[in-house]
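# output the structure for:
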Amino acid sequence: MANTPLDEPKKGPLDGVTVLDFSRVLAGPYCTMVLADLGARVIKVEKIGTGDDTREFGPFVENESAYFSCFNRNKESIVLDIKSPRDRELLERLLDESDVLVENFRPGVMERLGYGPERLAQTHPHLIYSSISGFGHTGPFSELPGYDMVVQAMGGVMSLTGWPDGEPARVGTSFGDLSAALFAAVGIISSLYSRTKDAQGTRVDIGMLDCQAAMMETALARYDIEGVVPNRTGDCHPSLAPFESFKAEDGKLVIAAGNDTLFLLMADAIGASRLAFDPRFITNDLRCQNRPALVEEMERILTTRPVQHWVDLLNEEGVPCSPINTIDKLLDHPQLKARNMILQVQGSAGKPFRTAGNPIKMTGRVDLGSDTPLVAPGLGQHRQAILDELMARHGSYCLPSTPGQAGKARSAKAGATSSGQRQGAQSDQAAMARQDSRKASGSAATRIKGGQSASDKQGQEPARDLGKRVGKP
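The predicted structure follows:
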């Protein structure tokens, strides 16, 4: 039966929201990737020449960074020279049109550039301004540089990762960056909802160390209650048993029997009903106290058959379990494929490769497709289209003055956007626009110096300040 309009999937819930993305490397770009996956338009502002640092991170696909493409899919890229009055005017127009600004510089950098949250709260009160930094914008550590490894160490998670007789270990992914990115996305979406009620923007200040503390589960409370410093427990849960990995005949599997009922089902599934009546294992607390004996009893049975044999039996009884998959097993995992969680991404010209999709599934909403690759932008790829959209219609920016240049601009725009409404500009109109551009640029420079509380010196912030970033893995 043909779909009716009511049956047709809707666009993402953030369709119509524009995000101006000043962020670099991982924490900020991952946050804005989530927003883009949910339907927002994300315009990535990059520095001249090099752009985001991750454009130089491997692995590479046809000379384009797969690292960059993974976290910048479905975004637009514009290069801006903040020292240029004309580009500052373009940035002002971008701020007028945007709903959200995301940055992950060290505190103070955006202020020195003239685009700090206090100034924008005055000139663009509708804007939701989100900062991600190592330690947030208040407190004695706020000026320190913060990276994933640093906050993992400072926040305590490294002290809990690894085996009791081993050294502290970094979590295998950039846990500090990714958790901060997700908390930032929650803060931004909450602020968008709040703005529907009072039309006011909000400052969202995310510190990576704060996020690490928030992700400590019960470790802080356990220490405060018991007075014992939590330590590394390998792969077992400190409060549940059996809840860890076990040896089988051909490898290891995880069994997570998190309550008494599951423990009884587990014992029946592996043919060890006697364990359910062993006085050492009657309650979860006793099982935790006698964990070594429990593991020994279970592995005596589990090592007689292969992993898949036990996984099949345990799944039949509804006991949570899994083999310990290596990464190569994920790309063709039937559950991930069924959930559309493996999609294709490519650079602006490279061949596609597979990566993880959007885990937020919503009824009646368009999900990211797995067949058509999502494209990450080339450096500055969308500048001409954005100029045409925001500046040329006002006659306030220099347009191509010859038919050949105009044709190149039209071709560049056509490759970056489907909008071709203003591709017919004539050379005499371009000449007039160029004259107006000079006038407008001069007035913009005057406005920046006076009405925006940003001195010319601030407007010419050295590029080295743009390099003081957080979130680099």
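
# quick one: buried residues of stretch 257-277?
Neighbour counts over stretch 257-277 (16 or more other CB atoms under 10 Å) mark 257, 258, 262, 263, 264, 265, 266, 267, 269, 270, 272, 275 as buried. Placement of C-beta: from N, CA and C, glycine included.

# one more: stretch 143-162?
Across stretch 143-162, burial judged by 16+ other CB under 10 Å covers 144, 146-162.

# next step: those restricted to helices.
Within these, residues falling in helices by DSSP state H are 148, 149, 150, 151, 152, 153, 154.

# which one of the residues you listed is nearest residue 390?
When these are ranked by distance to residue 390 (CB to CB), residue 148 comes first, at 35.0 Å.

# for the closest residue to that closest one other than its chain neighbours, grab the count of nearby residues.
Once flanking residues are discounted, residue 148 sits nearest to residue 176: 4.0 Å by CB to CB, 6 or more residues apart in numbering. Residue 176 has 32 neighbouring residues, counting by other CB atoms under 10 Å.

# thinking again about what came up before, switch the ones in helices among the buried residues of stretch 143-162 over to a markdown table; also include distance to residue 356 and pLDDT.
Converted to a markdown table, those look like this (distance: CB to CB, whole Å; pLDDT from 0 to 100):
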| residue | distance to residue 356 | pLDDT |
| --- | --- | --- |
| 148 | 18 | 95 |
| 149 | 22 | 94 |
| 150 | 25 | 96 |
| 151 | 23 | 96 |
| 152 | 21 | 96 |
| 153 | 26 | 96 |
| 154 | 28 | 96 |
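
# got JSON lines for these, with distance to residue 166 too?
Below are these laid out as JSON lines (distance: CB to CB, whole Å):
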{"residue": "148", "distance to residue 166": "21"}
{"residue": "149", "distance to residue 166": "18"}
{"residue": "150", "distance to residue 166": "21"}
{"residue": "151", "distance to residue 166": "21"}
{"residue": "152", "distance to residue 166": "16"}
{"residue": "153", "distance to residue 166": "16"}
{"residue": "154", "distance to residue 166": "20"}
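
# of these, which is the nearest to residue 312?
Closest approach to residue 312 among these (CB to CB): residue 152, at 37.0 Å.

# please report how far the closest one lies from residue 63.
For residue 152, the distance to residue 63 (CB to CB, to the nearest Å) stands at 32 Å.

# got it, and residue 130?
Using CB to CB, residue 130 is found at 32 Å from residue 63.

# report the distance from the host helix or strand of residue 190 to the chain centre.
Applying DSSP states H and E as the criterion places residue 190 in helix 175-198. Here helix 175-198 is found 11 Å from its chain centre; the criterion is CA atoms, centre = their mean, to the nearest Å.

# in it, what counts as buried?
Neighbour counts over helix 175-198 (16+ other CB under 10 Å) mark 175-185, 187-189, 191-192, 195 as buried.

# any idea which of the buried residues of stretch 257-277 is least confident?
Here the lowest pLDDT out of the buried residues of stretch 257-277 sits on residue 258, with 89.

# report how many residues lie close to residue 163.
So residue 163, with other CB under 10 Å, has 11 neighbours.

# go ahead and confirm it touches residue 236.
No - with contacts counted by CB atoms under 8 Å, residue 163 stays clear of residue 236, the gap being 10.1 Å.

# from residue 150, how far out is residue 131?
17 Å.

# same question for residue 368.
33 Å.

# likewise residue 360?
29 Å.

# next: residue 262.
Noted for residue 262: a distance of 39 Å to residue 150, by CB to CB.

# hmm, back to that, from the buried residues of stretch 257-277, which is closest to residue 123?
Using CB to CB, the shortest approach to residue 123 within the buried residues of stretch 257-277 belongs to residue 258, at 52.7 Å.

# so what's that closest one up against?
Applying CB atoms under 8 Å, 6 or more residues apart in numbering to residue 258 gives the contacts 237, 240, 243, 320.

# check residue 143 too.
106, 107, 108.

# please enumerate the strands of the stretch 151-300 of the chain.
203-207, 243-247, 252-256 (DSSP state E, counting those that start in this stretch).

# highest average neighbour count across these?
Among the strands of the stretch 151-300 of the chain, ranked by average contacts under mean count of other CB atoms under 10 Å, first place goes to strand 203-207 (a mean of 22).

# and that one, how far out from the chain's middle?
Offset of strand 203-207 from its chain centre (CA atoms, centre = their mean): 15 Å.

# which residues are contacting it?
With contacts defined as CB under 8 Å, 6+ apart, strand 203-207 is touched by 117, 121, 128-139, 146, 180, 183-184, 187-188, 191.

# now swap in stretch 350-357 and tell me
With contact meaning CB under 8 Å, 6+ apart, stretch 350-357 is reached by 37, 61-64, 66, 69-70, 331, 340-346, 367-368, 370, 373.

# mind listing which of the residues you listed are in helices?
Secondary structure assignment by DSSP H places 37, 66, 69, 70 of these in helices.

# all good on my end, thank you.
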